[in-house]
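A.B. asks: kindly return the folded structure for what I paste below:
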Amino acid sequence: MLYRDAMAFFFTSDTHFGDARRIRVDKRPFKSIGEHDAALIARWNAVVGPDDDVYHLGDFAVTMDATAVESWLAALNGRKHLIIGNNDSPAVTASKTWASISHYAELVIDNRFLVLCHYPFRTWHRSAKGAIDIHGHSHGKLKELPRQYDVGIDVFDYRPVSLAEILASRRRGKKAMIVKKVVAATPTKTPRKVAKKTIKPVKKRPAKKK
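C.D. replies: Numbering: from 1, shown residues only. Modelled structure (predicted):
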């Protein structure tokens, strides 16, 4: 278990550098994978300083191109820690640039106990005592439990976020909000009584006598 200063600590997940499929699957607002990767790097560096720590909770990149992986890591500010995701290639996990690599971690930041894993848990260590579950993997599409947060870029404006931002958030992703609004605006039952009043039966006219 590690104790850290919350002022210089960030979380993110599911960047999927070099993976053009995510633009279509997650409806990310970029025209090409090159634009996607450049935007993620710029947004990362806009909030993370060279001496800050960033925990990346998995799915950094799928590619087997080790040169590309090292290029992306070198372009990103901060000391980078990897919590391995299901799509991280051997080229990602073999990089010596990571300050640490693990499948699971526990941290105490600002007197809060954090449980970190790529996957969301149904329950987790000390969950009954206020521990917070921070995860990725679900791309903002999971209905989460209390004190459970998806820190993927699809949830938090394509950038890393601090613990304070995570705890202050009242939503579970833009996509979840959009779906909720659409469902709320759609009637669940047909107003049968109104239909009966507005649809009048057609009366047959009596046949004319010859």
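
A.B. asks: state the distance from Val108 to Glu165.
C.D. replies: Distance, Val108 to Glu165, using Cβ to Cβ, to the nearest Å: 18 Å. C-beta coordinates here come from the backbone N, C-alpha and C atoms, glycine included.

A.B. asks: looking at the two, which is more packed in?
C.D. replies: Glu165 (17 against 14; other Cβ atoms under 10 Å).

A.B. asks: my guess is the more buried one is in a helix, correct?
C.D. replies: Yes: Glu165 sits within a helix when classified using DSSP: H, G, I helix; E, B strand; the rest coil.

A.B. asks: and the pLDDT at it?
C.D. replies: At Glu165, the model reports a pLDDT of 93.

A.B. asks: grab the nearest non-local neighbour of it.
C.D. replies: Excluding its sequence neighbours, the residue lying closest to Glu165 (Cβ to Cβ, 6 or more residues apart in numbering) is Phe156, at 7.2 Å.

A.B. asks: ok, then the element right after the lengthiest helix in the chain?
C.D. replies: Looking across the chain with DSSP state H, the single longest helix is helix 33-47. Per DSSP states H and E, helix 33-47 leads on to strand 53-56 as the next helix or strand towards the C-terminus.

A.B. asks: what is that next one packed up against?
C.D. replies: Applying 3 or more Cβ pairs under 8 Å, 6 or more residues apart in numbering; DSSP states H and E, one finds that strand 53-56 contacts strand 9-12, strand 79-83.
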